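Trainee: Could you look at this predicted model? Sequence included:
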Amino acid sequence: MKPQRSPGTQRTTQYIFYEAVLCFLCALCGLSVRSEEPKDFARAIEPRVFKFPEDFGAHPAYKTEWWYLTGALKTEAGEELGYQATWFRAGLLPEKPARESNLAPRDLYLFHGGFSDVAKQSFAHDHLACRGVSTWAGADEQRLNVFLLGRTLTREKDGAWRMKFEVKGRAFDLTLVAEREPLLHGEAPGLSRKGSEPGQASYYVSVPRLKTSGTVQREPGGPAVKVSGLTWFDQEFGSGQLAQDQVGWDWFSAQLDDGTDLMLYHLRKEDGGIEPQSSGTLRFADGRRAHLKRDAYAIEILDHWTSPSTKDEKGAPAKYPAKWKLTVPGEKIELEVTPLLPDQELVTPGTSGVNYWEGLCKFEGRVGEKKVSGRGYVELVGYAGRFLKGI
Amino acid sequence: MSETAPAASPSAVPLIRCRGLERAYGTASARTVALAGVDLDVVKGERIAMVGPSGSGKSTLLHLIGAMDAPDKGGVVVAGRDLARFDDAAAARFRREEIGFVFQFFNLVPTLSSLDNVALPARLAGKGASEAQAAAQKLLDRVGLGNRAADFPDALSGGQQQRVAVARALVNEPQIVLADEPTGALDRRTGEEILALLGEVVRERGATLLMATHSDAAVSIATRLLSVEDGRITEDRALTPITAPIKEHA
Amino acid sequence: MNAARAILGVLLGDLRRSPGAALGTVAAMAAGVSVFVAIHLAGSAARSSFVSAVEAVAGHATHEVEAPGGVPEERFADLATLPGIEAAQPLIEGRAVLQAVVHAGQSTAAHAPPLRVLGIDPFFVGRFLNDGGRTPLVPGDAVARFLTEPGAVVLPKAWADTAGAREGDTLVVAAAGRPFKLRIMSVYEMQALGEATRDTAVADLATAQELFDLSGRLTRVDLIVQEGREDSVRTALAPGERLERPAQRGDRVAKMIEAFRLNLLALGMLAMVVGALLIYNAAQFSVVRRTGLLGQLRCLGVTRPMLLGAVLGEIVLFGVVGGVLGLCAGVALAQVLIKPIAQTVTDLYRFVRVDVAPLEPLEGVLVVLAAAAVAGAAGFFPALDAARTQPKMVGLRSHGEAVFKSRLPRLVLLGVVWIALALAASAAPVEGRWPGFVASFALLGAGAALMPAAMALLLPVVQRQSERRGLLALALSSGALHRSLTRTGGAAAALGVALAMTIGVIVMVHSFEREVRNWIQTAIRADVFIGDAYEYTSRENARVPAEAVEIARNAPGIRAIDTLRAVEVPYGGRSIRFTGVELPTLESRARFDFLVGRADEALDAALKGGAIISEPLANNYGLKVGDTLEVPGRGSGGVARFKIAGIFRDFTYDRGYALTGKDAFIAAFGDPGVTNVAAYVEPGADREQIAESLRKTFEGRFLLNVRSNAELRAGIIDVFEHTFAVTYLLQVIATVMALCGAAITLFGLFLERAREIATLRALGATIAGVGRLFAAESLLMACFPILLALPLGALLAWVLIHVVNLRSFGWSIGYDWPWGQVLATCALAACASLLATLVPLALAKRQSISAALREE
């Protein structure tokens, strides 16, 4: 967050306004590791008692929060589609400012959307930021209702979730129904450690396997196509959870056809190592939950993909891992993860933008003796330049 | 100068007395001496023709006598009045009452008719329009242009214009008529006619005439001939006796 | 070509002998061009300061949504998410006036041009900036502060330098009737927004709302609408909202000062006309003067076309030289004119800060070309005369004069045609102000054409009569003027035209002022007026804070107050003012002078939701009592409707002004806050004292202007006088030009006649006599124009009042002839003309008669 300000030096990149705002937001969204200790915001130190559905509402006492949805859908004709829809909340202030104007924000909101059309091998993405004021953007506390200029995620009276958004002119109107209980991550359920220091953690809950139905426009302004499938929902909130030396992460979520839900991630460090606090969570069809510590699983990279549009820190085309082998030896799980579309990179223009890969993948392998397959999402951050550069 | 002023009888007080007149023009670096010491006495009734090359000082002498210019040195006394003492108003009054002018280029006022041109000095002298015009008409009749009274100068020939000018010079019955090359802009015949006219009308009124001229014919109407060269009078001789009666100067 | 050049060489060589004529042409051209250029520059500076400000901020917006009193802030989300919208941004705009700069805890009073504060949302502004947001307004690392710190502002560097403020300082500014603190977060160079926004600071929406007391509202929402989706957006508008293209706002804004600019331009044209007349005059004379030379040239085998070309070439050459000189003078003059122009525009419409932009090189070239063309046109007929010169060795100037005089019947005919045109134009059933201008110019044209003819006719009469009466000087001078009619006619025409215009304007302004003074007696009834201290500077956000309204309401000695709320609403492609009032007292009701409608009924109807309208509004839009005035508002279909109950006199808003009751106003436009308070004091209370005590109460807390009745009346008259300051200035310039023309002509006449003068003196005229002659001549030169100008000026005043004023502003004014001022103007012209004789007279005095006679 602190720029190296030297008078007289050209700081063009840092001054690129729009992009800088985005970066700034991302930084606030907890993707930042450079953030100073936020003094006024609450921190995720102790395990907390979750109460649902109230806890799907916002937690403005914490600096950052997101509602993250990734889903694998099929059209009636069986064509595969994937989507990502994320509402970020970035707290500027821990409390609503005492100002005459309603437009003085406490929070900023950011929406990211991605759409993967496997049949057409096309990918589209979109992003939008707005202050959390008035009818413009915001989220209710004690109730799931996040909105940002017409992009809404709301829990309706019947308990179903209704989600509306658009990705570059493609309107999504989806209804989500939870099939299982929310899944709490972390060794102490719900508290997910991200670093060794106390407070370098977030409260992290997922609702895997949301039964999803509704309509999607596969082309901007095109016909609304009926779709159905499964969505993985993540909600995470905390304040300054990442450590200074963390440069990015690889995150996996899978919904396997035997009823197994899997989430695991590696936080990558500056020195090339993996953060020891990296972890994962498993839940089997029978409801058994397992917390996976760093050494309980392995991620092997099998292939790479080179981005046509972004560059890494050294200026070479950004190179992302593109195929993995996940193993959880203790549970006898082996899965091969293959992207259904090579290019699912979200690119924000400019040199200091945040670029990441967030894509629909195929998971195939075995759980114990059983052959399984499924769909899930992989998120790769920090390959196309360090995302904090220039902030 | 042995032949100087043969007609000047002791009893005749000179009407014009010039003494030691000097006049130069231009700046110190480019100085033109017009008069270099001129003494001249003119008795009433004399008709003097001044001859000499261009630039010899004839015009300057006329202008000094006419109070249109002031000498650098010396003085002019006309009818007992020292011109040097005149201010602008006195000089103007002197010019319109005592002097009549005839110019080489006529110098009629182009916006005035012949009659009004002739009447102009009378008007300048404060006479009423009708009185002045009556006098002017008489003079126009006398110079033979009675029928052109209403014509404007540009409608008249050079000779006619000069006749108007002669009439104009006489309208205030001046004692002295000064004529500067009156025939200079006219052909020879016309010039002779004008000279004859000028001589006659001056004699009729007993006026005194000083005339700068190149014309030989001028000698025919003059009683005295002055030759001027380089600002000095080089010759001064009487021509014919003054025929007109001379009234004693009061 | 070579031949033409050779001839031109001869002509120019001849000029060297008498440079006066050339000087006259060049000076006339230069004067005309300079006035025109100055007015053009100053006028367009005023205009561009309006329009470019709109453009710079509108940036890439295709449309914008506005509503009277502002767009409710929650509407932004609706508008931004409409189908067919590519991008949207909320905006707040207003003006603040610097009071002090606080640096390191030290407050120093400071002055700088009013600061336009633009409240933006950093997340939406990027798409709308001309560079697509490449250049930041807010440094990326400072966005959080920008959004959260109250009063945080980013300043343009130039403005900050003027104010003597630096990053980190606090500014105390006046806005919405009170002081407000702004913290300078950073200072930006202005590439992002361009030159037009060098007085524009950027703040977050929240800060801007607080600064301008606009909580809950946005000034407007900018949109980028997809091609062809405009209609679907329009159907989604809420009542009162209107969708328009930024250019339409620019148009509306530009239209506000259109009438004003047109008036200026007309005056600029007047200067050009006077200049052209003087050129014509100089050209005509130069041809006549050189009749002999031209005749000789013809003898030497010069053909007519060659001569035409050479003479025209010479005139055009002077035109070019004069044009270049005029250009330089004009740029300088623009600096003089810009101030009164800016003042007037600020007084009448809204604040503008104008600097004269440097003249574009292309514009400069065009102006010089135009000058050459004007010179060519003015010199064409004289040149044609020159070409017609018969070959002869001795040419007489009188011949040229005769030719000119033979043209007089044609000039008379031309004059008659002009008069017919003037009559037709003033009777023409054409809307707008063009008929008035055409009629005015036609009248001037008639005057210019008839002047030489009148002189040709009258001068001989004067000469004869004065001769008969023994007025020698008059006779001689009228003769001289008549003889040189080619010169004197034109110069007199120029002077006559300028004087006529001056008289016309004097009569118009006087009549107007009398009307305004009468009206003030009726209209300004309240005892104490309270308004934003910077009402003129920041008309858009001028406000009396609610707290101050209550203080006034409860102040001792005050019996009642009336609150005025005002919005600008678009109507018929322009803006009109809509005001909501309470009319609590008899006096507040008595202040309306109704032209149509019965006072009490009309006012009651207005308070119950009808409206009364000002005379200009009625005249400009043909509205009558009983009609319904429909403007954008919160009524059904987004239209607020008011039945017109009366028409009253008003001189405050030339664009028109409608008035309704407070409740109806708020229902139609929302409550934008109180813009003015009119207070009525208890019987017997001292107005001045109450005003003073209110001032004391407000001091330090609010920045309000408290004026007593007398002060407000005086203020209105002040504004009135400002308004016509430019008009007068331009009049003076045109008249001075014409006087110079007359003086140059006289001067030339006198110099040429040195010999004639010497002859007169030889014949016994005194210097005083010569002086009388000169005086008579110069008075005659002034008299003819004056005699022409009096009736012509009266006619012009009639046209200005009944055609121009009524049609372009809608004000009906009684005709009132200010003899004193008119006669003083004439006397001034005569005196100036007399003064012009002093130099030639001094020369004549110094000139030796003998020397003058000797010269030929």
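Mentor: Cool, the structure landed. Residues are numbered from 1 along each chain as shown, chains lettered A, B, ... in the order given.
Trainee: Name the nearest residue to residue C:543, ignoring sequence neighbours.
Mentor: residue C:176 (4.0 Å; Cβ to Cβ, 6 or more residues apart in numbering or on different chains). In this view, the C-beta of every residue, glycine as well, is placed from N, C-alpha and C.
Trainee: Compute the number of surrounding residues for that neighbour.
Mentor: Using other Cβ atoms under 10 Å in any protein chain shown, residue C:176 has 23 other residues around it.
Trainee: Correct me if wrong: it contacts residue C:209.
Mentor: No - using Cβ atoms under 8 Å, residue C:176 makes no contact with residue C:209, being 10.4 Å away.
Trainee: re the thing from before, can you pull the phi and psi angles for the residue nearest to residue C:543?
Mentor: phi 50, psi 40 (degrees, to the nearest 10).
Trainee: Tell me how far it lies from chain B.
Mentor: Separation of residue C:176 from chain B (Cβ to the nearest Cβ, to the nearest Å): 74 Å.
Trainee: helix, strand or coil for the residue lying farthest from the centre of chain B?
Mentor: Here the centre of chain B is the reference, and by Cα atoms, centre = their mean the most remote residue is residue B:29, at 32.2 Å. For residue B:29, the assignment made with DSSP: H, G, I helix; E, B strand; the rest coil gives coil.
Trainee: What separation do you get for it and chain A?
Mentor: 70 Å.
Trainee: tell me the pLDDT at that residue?
Mentor: Looking at residue B:29, its pLDDT reads 72.
Trainee: got it, and residue B:14?
Mentor: 84.
Trainee: Surely it touches residue B:41?
Mentor: Yes - contact criterion Cβ under 8 Å: residue B:14 and residue B:41 qualify, at 3.7 Å.
Trainee: For residue A:329, grab the count of nearby residues.
Mentor: 11.
Trainee: got the contact list for it?
Mentor: Neighbour list for residue A:329: A:296-298 [criterion: Cβ atoms under 8 Å, 6 or more residues apart in numbering or on different chains].
Trainee: Same question for residue A:362.
Mentor: A:337-340, A:373-375.
Trainee: Let me have the residues you listed in CSV, adding secondary structure as columns.
Mentor: Listed next are the contacts of residue A:362 as CSV, based on three-state DSSP:
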residue, secondary structure
A:337, strand
A:338, strand
A:339, strand
A:340, coil
A:373, strand
A:374, strand
A:375, strand
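Trainee: average pLDDT for the helix or strand hosting residue C:231?
Mentor: Using DSSP states H and E, residue C:231 sits within helix C:230-235. Confidence for helix C:230-235, expressed as mean pLDDT, is 89.
Trainee: And stretch A:366-386, by the same measure?
Mentor: Mean predicted confidence for stretch A:366-386 is 89.
Trainee: Buried residues, it. List them.
Mentor: Within stretch A:366-386, the residues scored as buried using 16 or more other Cβ atoms under 10 Å in any protein chain shown are A:367, A:372, A:374-386.
Trainee: go on, stretch C:708-715?
Mentor: Here stretch C:708-715 shows C:708-709, C:711-713 as buried, counting by 16+ other Cβ under 10 Å.
Trainee: before we move on, back to that, which residues does the residue nearest to residue C:543 contact?
Mentor: Counting by Cβ under 8 Å, 6+ apart, residue C:176 has contacts C:94, C:211-214, C:532, C:541-543, C:545, C:673.
Trainee: switch the cut-off to 6 Å
Mentor: If you count contacts by Cβ atoms under 6 Å, 6 or more residues apart in numbering or on different chains, residue C:176 has them with C:212-213, C:541, C:543.
Trainee: Specify which member of the buried residues of stretch C:708-715 is nearest to chain A.
Mentor: The shortest gap between chain A and any of the buried residues of stretch C:708-715 belongs to residue C:712, at 31.5 Å (Cβ to the nearest Cβ).
Trainee: pretty sure the closest one contacts residue C:527?
Mentor: No - using Cβ atoms under 6 Å, residue C:712 is not in contact with residue C:527; the gap is 9.9 Å.
Trainee: Tally up the residues packed near residue 219, please.
Mentor: No chain was given, so I picked chain A. Applying other Cβ under 10 Å, I find that residue A:219 has 14 neighbouring residues.
Trainee: Switch to chain C, please.
Mentor: Neighbours of residue C:219 (other Cβ under 10 Å): 23.
Trainee: before we move on, what about the one 4 residues further on?
Mentor: The number of residues packed around residue C:223, counting by other Cβ under 10 Å, is 26.
Trainee: Identify the residues contacting it.
Mentor: By Cβ under 6 Å, 6+ apart, the neighbours of residue C:223 are C:63, C:85, C:88.
Trainee: Distance-wise, check it relative to chain A.
Mentor: 13 Å.
Trainee: Now that residue. Nearest residue, chain neighbours left out?
Mentor: Per Cβ to Cβ, 6+ apart, closest to residue C:223 is residue C:63, 4.5 Å.
Trainee: The one you found and residue B:99: what is the separation?
Mentor: Look at residue C:63 and residue B:99: by Cβ to Cβ, to the nearest Å, they are 93 Å apart.
Trainee: the more surrounded of those two?
Mentor: residue B:99 (26 against 22).
Trainee: I figured that one hits residue B:66, correct?
Mentor: Yes - using Cβ under 6 Å, residue B:99 makes contact with residue B:66 at a distance of 5.0 Å.
Trainee: Report how many residues lie close to residue A:315.
Mentor: Neighbour tally, residue A:315, other Cβ under 10 Å: 7.
Trainee: now check the helix or strand that residue B:94 is a member of, is it near chain C?
Mentor: Applying DSSP H and E as the criterion places residue B:94 in helix B:88-98. Yes - applying Cβ under 6 Å from any Cβ of the partner chain, one finds helix B:88-98 touching chain C at B:88-89, B:92, B:95-96.
Trainee: how many other residues sit next to the residue in the stretch 201-350 of chain A positioned nearest to chain C?
Mentor: Taking Cβ to the nearest Cβ, chain C has its nearest neighbour within the stretch 201-350 of chain A at residue A:221, 8.6 Å off. Residues lying near residue A:221 (other Cβ under 10 Å) number 12.
Trainee: what secondary structure does the nearest residue to residue C:100 once chain neighbours are set aside sit in?
Mentor: Of all residues not flanking residue C:100 in the chain, residue C:172 sits nearest, at 4.3 Å (Cβ to Cβ, 6+ apart). With three-state DSSP as the basis, residue C:172 sits in strand.
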